[in-house]
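Colleague: Sequence and predicted model, in that order:
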Amino acid sequence: MHGDGGFPQVDFSRNACTFCHACVDACKQPIFHHDAKPWHAVAVIDQRCLTQQQVYCQNCKDACGERAIRFQFGRNGMSHPQILLDACTGCGACVAPCPTQAIRIQTDTPGTST
Ligand code: SF4
Ligand code: SF4
């Protein structure tokens with residue numbers, strides 16, 4: 001999709017990135033990382049997470065093929081999601097399944113935030 005200024009922007013609310021590299025192959029500019037991770041972005045969960053309101057939900061964990069979301073018990077007896085930063089690829093698969101839009105993909109690379 002077109003983001004600010006007409007630049008391409010990934011919309012994780014629609015789908016995840018499969019890292020097929022089609023955009024890397026098509027783009028003539030040296031903007032993509034060529035190291036172990038395709039981009040430097042990770043999922044971030046905010047206070048809108050249902051578990052903050054004592055409501056059970058593990059949609060994000062179920063959607064994460066990298067097993068980068070683990071749940072840990074808090075003081076209130078609820079289990080809360082935590083992102084394992086070393087495992088998170090920033091694929092965005094956890095964004096759309098979250099019923100409260102509590103997850104965003106955070107990066108300092110323009111065009112890849114939600
Ligand atoms: S899917 Fe959203 S509401 Fe559900 S546990 Fe994950 S962050 Fe919380
Ligand atoms: S962005 Fe991808 S790898 Fe990271 S927590 Fe979400 S689903 Fe898992």
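Modeller: The structure has been received and is ready for your questions. A quick note: this is a predicted structure, and the numbers were derived from the prediction, not measured. Ligands and ions are numbered 1, 2, ... in the order given.
Colleague: show me the contacts for the closest residue to residue 18 other than its chain neighbours.
Modeller: Distances taken as Cβ to Cβ, 6 or more residues apart in numbering put residue 91 closest to residue 18, at 7.6 Å, once the chain neighbours are dropped. To be clear about C-beta, it is placed using only N, CA and C from the backbone, and glycine gets the same treatment. Residues in contact with residue 91 (Cβ atoms under 8 Å, 6 or more residues apart in numbering) are 16, 17, 18, 19, 65, 66.
Colleague: Can you say which of these are buried?
Modeller: 16, 17 (16 or more other Cβ atoms under 10 Å).
Colleague: Of the contacts of residue 91, just say which sits nearest to ligand 2.
Modeller: Set against ligand 2, the nearest of these by Cβ to the nearest ligand atom is residue 66 (3.9 Å).
Colleague: The closest one against residue 86, yeah?
Modeller: No. With contact defined as Cβ atoms under 8 Å, residue 66 and residue 86 do not form a contacting pair (10.1 Å).
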